[in-house]
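Chemist: using only what follows, build the 3D model:
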Amino acid sequence: MKIISGNSNIELSKEIAKYANTPLSTANMTRFSDKEIFVEIDENVRGEDVFLIQSTSFPANDNLMELLVAIDALKRGSAARITAVLPYFGYARQDRKTGPRTPISAKLVANIITTAGADRVLTMDLHAGQIQGFFDIPLDNLYASPLFINDIKENIKDDKLVFVSPDVGGVLRARSFAKKLNADLAIIDKRRDAPGISNAMNVIGTVKDKTCIIVDDLVDSGGTICNAAIALLENGATGVYGYCSHGVYSGQALDNINNSVLKEMVCTDSIKPIFEVPECMRYISVAPLFGEAIMRINSESSISSLFD
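Modeler: Numbering: from 1, shown residues only. Sure thing, here's the model as predicted:
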């Protein structure tokens, strides 16, 4: 087994390799003067089960292209199996046509990863479950929920919890949290005027005198979760926490969260922070989750039993 890292999140790759008790293989991923990407694998991969770790986060296009070029290098190096490990799968929000003459970019990305030569994909908390069907190769979609549930048990000492979905699409996610911790469920009725701009909100459910935990798959500008927190406090909540799988944090996200009424914003390290992390934010490592999944794939063991 070989584990190779792209440049998107080398720190996470090192932790995954450490958990899997496998040294991180060396690879040279550089840019020519015109910014073309060049990849050279510095170790023999012939006949090896190779796991290539690369989040397609900002800069999404550079990281995606680096992933594709690296897959091609491994394929031409006669790797027996190539698993593209994408802790964060970029373009996942473009999973359907939003109007005439618009693309389904998530399907396009799935096609080019497959065409490049990947044999399977390992990712976490896809924005839309149907993306699994965009691939014609096996895909394992991990869940950060066990990590979050353990963290909530350790850090939020309150028996009056309400899990909140920030929109109708996330109800199943919030319900699964509520069921596992025997808590209540609430839903935010969100009205969005433009992409990345969230406007306000009606609370469906009882949150008065309770601690609310908003759970989402990703936070981008932070507008949705910050406005939701205000709405919850206005409806009598005693405190609001935010948990998300992928901290995209683009645009004014840091200012929005710093100036929000959230007690704490917690996310995983699927995306490497490119800023100094403020006190109101906290990261949880997904290295043990991905490390365990990689070892199970290598040994042809069950992945689903991780979440039983």
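
Chemist: any idea how far the nearest residue to residue 141 once chain neighbours are set aside is from residue 48?
Modeler: Nearest residue to residue 141, sequence neighbours excluded (C-beta to C-beta, 6 or more residues apart in numbering): residue 126, at 5.3 Å. Using the backbone N, CA and C atoms, a C-beta is placed for each residue, glycine as well. According to C-beta to C-beta, to the nearest Å, residue 126 stands 27 Å off from residue 48.

Chemist: go on, residue 231?
Modeler: Distance from residue 231 to residue 48, by C-beta to C-beta: 52 Å.

Chemist: these two: who's more crowded?
Modeler: residue 231 (22 against 19; other C-beta atoms under 10 Å).

Chemist: the residue nearest to residue 272 when sequence neighbours are not counted: neighbour count?
Modeler: Excluding its sequence neighbours, the residue lying closest to residue 272 (C-beta to C-beta, 6+ apart) is residue 9, at 4.3 Å. By the measure other C-beta under 10 Å, the count of residues near residue 9 is 23.

Chemist: over to the one 4 residues further on?
Modeler: The local packing count at residue 13 equals 25, with neighbours defined by other C-beta under 10 Å.

Chemist: over to the one 5 residues further on?
Modeler: By the criterion of other C-beta under 10 Å, residue 18 has 15 neighbours.

Chemist: what does residue 112 give?
Modeler: 14.

Chemist: backbone dihedrals for it, both of them.
Modeler: phi -70, psi -30 (degrees, to the nearest 10).

Chemist: on the three-state scheme, the residue nearest to residue 281 when sequence neighbours are not counted is what?
Modeler: In space, and not counting its chain neighbours, residue 281 is closest to residue 265: 4.9 Å by C-beta to C-beta, 6+ apart. Look at residue 265: counting by DSSP: H, G, I helix; E, B strand; the rest coil, its state is strand.

Chemist: tell me the bridge partners for residue 265.
Modeler: Counting by DSSP bridges, residue 265 is bridged to residue 242, residue 281.

Chemist: now the strands: where do they sit in the stretch 151-300 of the chain?
Modeler: Counting by DSSP state E, counting those that start in this stretch, the stretch 151-300 of the chain has strands at residues 161-165, 184-194, 197-204, 211-219, 239-247, 264-268, 281-284.

Chemist: out of these, nearest to residue 119?
Modeler: Using C-beta to C-beta as the measure, strand 239-247 is the one of the strands of the stretch 151-300 of the chain that comes nearest residue 119, at 24.5 Å.

Chemist: run through who's touching that closest one.
Modeler: 57, 88, 124-125, 144, 148, 151-152, 156, 211-219, 225, 228-229, 232-233, 257, 261-268, 270-271, 273, 281, 283 (C-beta atoms under 8 Å, 6 or more residues apart in numbering).

Chemist: give me the angle between that strand and strand 211-219.
Modeler: For strand 239-247 against strand 211-219, the angle between stretch directions is 20 degrees (axes from the mean of the first three to the mean of the last three C-alpha atoms, to 10 degrees).

Chemist: got the angle for strand 239-247 vs strand 264-268?
Modeler: 20 degrees.

Chemist: how far does strand 239-247 sit from the chain's center?
Modeler: 13 Å (C-alpha atoms, centre = their mean, to the nearest Å).

Chemist: check stretch 174-181 too.
Modeler: Distance, centroid of stretch 174-181 to centroid of chain: 19 Å (C-alpha atoms, centre = their mean).

Chemist: thought the residue nearest to residue 141 was touching residue 89?
Modeler: Yes. With contact defined as C-beta atoms under 8 Å, residue 126 counts as touching residue 89 (5.9 Å).

Chemist: between those two, which one's more packed in?
Modeler: Using other C-beta under 10 Å, the more surrounded residue of residue 126 and residue 89 is residue 89, with 26 against 22.

Chemist: now the more buried one, nearest residue through space, not along the chain?
Modeler: Using C-beta to C-beta, 6+ apart, the nearest residue to residue 89 is residue 123, at 4.7 Å.
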